[in-house]
Each structure stands twice: as structure tokens, then as C-alpha cells.
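> sequence first, then the predicted structure, then my questions.
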Amino acid sequence: MPDAPGVPSPNRFKQALAKGERLTGLWSALANPIAAEILAGAGFDWIVIDGEHAPNDISSLVGQLQAMRGSATEPIFRVPWNDVVIIKRALDVGARTLIVPFVQNAEEAHNAVAAAHYPPRGVRGVAVAVRASDFGRMPNYLANAHQNTCVLVQLETRSALKEIESIAKVEGVDGMFIGPSDLAADMGHLGNAAHPEVQAAIQDAAARIRAAGKPAGTLVRGVEDAERMFGWGYTFVAAGIDVAILARNAETLAEKLRKTVACR
């Protein structure tokens, strides 16, 4: 979104990603604009607003984008599915960096990219007075939207990992994101992304994605895991989920209080 009427701010996340810079992120599933505003000021490079597994829709996305407007943190919307209508609506309300889940092959990656771009680059539907164009105040928005639109495809099965090289060849794929939980489930280790077999696959994926010339990203829990991912070649890593941070810290505080009361 623009910093001033009619003036788009650059997608610094997309620019940094293309340069190979390391970018730290966080997952957000609270579906709340105040939470988004708090997180946007915390110092992360990017925050995912989750539309796949959190109770987010286009309406709740708008409020969170408004809350994050003007911050140095890039909001990334994970759409619920690789669907041209959903992608169009997310972009129209101002999301400009997307994670598209469950991309299995080059054709599906191409479909995701096409949905995110106007003709002749893609098939995104055209509206002239949407929030993304500051309601028509950006005279060159249609011609220049592709410069700030960033498409990240999420690979989360063994079949998808086999297609890394072909997916990487799709023009317009700005990065490839490995989904550890679904990958673990597909590999027969449901709920155990830390299994050595899954971790080996995640490490191998990073090497192949980087060799194919694309930035690699993933989601972990905690700083130590993030450090390991960066060491394996990942360049954009989310190190936690807001709901888990809230739940675990609340539980820790409650437990300490119970112990304090019991000792008196």
C-alpha cells in the first residue's frame, strides 16, 4: 500500500529476497488487527497472515493490512488455496506478497503466478478503483503492479519436492516455501516434523532450491531452529506462530503463579 496518496511504497521484502538477504518472519493466526499492529512493530521483516489454517477471510485481511500499513514489516497473505478468484480478491484489497499452498508441479505454479498478474503476464481480473491502487489514485497501477507483486509457492509433499527444479523454472515464482508439517504427514510422520527423515528432506530441498536459483523459505519454532535453517541455505524463515507464543507464555505464567500461591 502507498505511504502517500497515489504513491506506492516499494515491496522491500521482494527486493531483499531477490538479493539473497536473510529475512526473519513470524506466522500470525490470531486474525485480529490489533494483534497485527502489535506484531508489525516488533521488528520482523515479514509476517504471514494465514488464510489457510486460521479464521481469516478477505474482510479480516483488510483490517490487518490497515493495521500494518506504514510499518517496515511486509504482510504476506497465505491464501487458502491456489484459486484465481481468491488470489484476485486478496490482491485487490492490498495484499501484494502471497504464499500459495500445496503447489505440486510447474503447471500449478504457473497458475498461481498467472492469477497474481494482469494480462499479458497473467489472468488477474481488472478493477480500476480498488484498495490496492489507493482507490484509483495510482494512475499507473495496472502497468506497474507486477513490480511489487511477490508470489511464493508452498511445497509440502514428496511429490512436490520431486518437482523443485521444474517449478523453479516458472517465470514469476519469486520464492519457494517448504511446509514442514504437511511434508512430515506425507512422509508418514504426522505431527513430527523434527523426525530425522523429514529434516533431511527439508535440508535437501534448500540445497536444490538454491541451486535452481530461487530463494528458499520455511517455518520453524524458535531461534535455534531458525539458525539451523539459515545454515542450510534458507533465506526467509519464520521462527514462530503468534497463537503458540501467546498460549505457551500464558501457560508458563499461570504455572509460576500457581506455584507461588501454593508456597504461601
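Nice, thanks for sending it over.
> now do the buried residues in stretch 28-42.
For stretch 28-42, a neighbour-count test (16 or more other C-beta atoms under 10 Å) marks 28-33, 35-37, 39-40 as buried. Yep, even glycine has a C-beta here, placed from its N, CA and C like the rest.
> from those, which land in strands?
residue 28 (DSSP state E).
> wait, which of the buried residues of stretch 28-42 is closest to residue 10?
Nearest to residue 10 among the buried residues of stretch 28-42: residue 40, at 17.1 Å, using C-beta to C-beta.
> how much space separates that closest one from residue 96?
Separation of residue 40 from residue 96 (C-beta to C-beta, to the nearest Å): 15 Å.
> how many residues are close by residue 263?
When neighbours are defined as other C-beta atoms under 10 Å, residue 263 has 6 of them.
> return the subset of the buried residues of stretch 28-42 lying in helices.
Among those, DSSP state H puts 33, 35-37, 39-40 in helices.
> would you format those as a markdown table with pLDDT and distance to residue 196 included?
As requested, those are exported to a markdown table (pLDDT from 0 to 100; distance: C-beta to C-beta, whole Å):
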| residue | pLDDT | distance to residue 196 |
| --- | --- | --- |
| 33 | 98 | 40 |
| 35 | 98 | 35 |
| 36 | 98 | 36 |
| 37 | 98 | 40 |
| 39 | 98 | 32 |
| 40 | 98 | 36 |
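> take these and lay them out in a markdown table including distance to residue 82.
As requested, those are exported to a markdown table (distance: C-beta to C-beta, whole Å):
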| residue | distance to residue 82 |
| --- | --- |
| 33 | 26 |
| 35 | 27 |
| 36 | 24 |
| 37 | 29 |
| 39 | 26 |
| 40 | 27 |
